[in-house]
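Peer 1: sequence and computational prediction follow.
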Amino acid sequence: MNALSRPLLSGLLVDDDPAYVATLQRSLARRGIESRTAGSVRQALDLALAQPPGFALIDLKLGHESGLQLIRPLRELRPDMRIVLVTGYASVATAVDAIKRGADDYLPKPASVPAILAVLGIESADAPPPVAAASETMMPLRRMEWEHIQQALNDTGGNISATARLLGMHRRSLQRKLGKRPGPERRIVGL
């Protein structure tokens, strides 16, 4: 199905980065998908109440707010809405939290338009290749440590001092680790 034969879809893009959201909005428009943008939780809710969208792409961090706050109200507004959390702070803990709150999917930034279309269930000519099976990838130790720290942060409500105590490390050591972003999973050579 190409963009011209597909009915127009309506979406809500919620991100506090104006350049990113404008670029994403243009890319979706080229594929026949109209969208409105919001930079805050309040603005997103106002737009959704005025015209409930078919899907919502929500950034996790919206200034001092959390995009997680939007999931339940949007789900209550329109139960069939596709809700996808998109974030540069990807972790298992936030992914689980987003899904528990009612999100349909979770994508780490930078998420390509074909990847976004795939999680929305929209066919695309430039769709990404299928993801390698779990047995073909290996999670680096730093990534596992990052995931463990994110889970501990989630368990302590984001309190750095409490998280450091829970993990048995100094608060400054934890802050240094949080400042370093781990790399992606790696493909196992020879499989």
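Peer 2: Nice, I can see it.
Peer 1: report how many residues lie close to residue 44.
Peer 2: 27 (other CB atoms under 10 Å). Where C-beta positions appear, they are placed from N, C-alpha and C, glycine not excepted.
Peer 1: correction: residue 94
Peer 2: Around residue 94 there are 21 residues (other CB under 10 Å).
Peer 1: where in this structure is the helix or strand with the lowest mean pLDDT?
Peer 2: Here the helix or strand of the chain ranked lowest by mean pLDDT, DSSP states H and E is strand 137-138, holding a mean of 45.
Peer 1: next secondary structure after it?
Peer 2: Of the helices and strands lying after strand 137-138 in sequence (DSSP states H and E), the nearest is helix 141-155.
Peer 1: now that next one: buried residues?
Peer 2: Using 16 or more other CB atoms under 10 Å as the test for burial, helix 141-155 gives 143, 146, 147, 149, 150, 151, 152, 153, 154.
Peer 1: output those residues in CSV; the columns should cover pLDDT and distance to residue 79.
Peer 2: Supplementary listing: these in CSV, determined by pLDDT from 0 to 100; distance: CB to CB, whole Å:
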residue, pLDDT, distance to residue 79
143, 65, 35
146, 71, 34
147, 71, 31
149, 81, 34
150, 78, 29
151, 76, 29
152, 79, 33
153, 81, 31
154, 79, 26
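Peer 1: okay, and the spatially most central residue of the chain sits in which element?
Peer 2: When CA atoms, centre = their mean is applied to the chain, the residue found nearest the centroid is residue 86 (1.9 Å). If you go by DSSP H and E, residue 86 is part of strand 82-87.
Peer 1: ok, and what's touching the helix or strand just after that strand?
Peer 2: Downstream of strand 82-87, the next assigned helix or strand under DSSP H and E is helix 92-101. Outside of helix 92-101, the residues within contact range by CB atoms under 8 Å, 6 or more residues apart in numbering are 60, 68, 71-72, 75, 85, 87, 106, 147, 150-151, 153-155.
Peer 1: list the contacts of residue 51.
Peer 2: So residue 51 contacts 10, 36 (CB under 8 Å, 6+ apart).
Peer 1: could you report the pLDDT at it?
Peer 2: pLDDT recorded at residue 51 is 93.
Peer 1: how near is residue 110 to residue 120?
Peer 2: As judged by CB to CB, to the nearest Å, residue 110 and residue 120 stand 17 Å apart.
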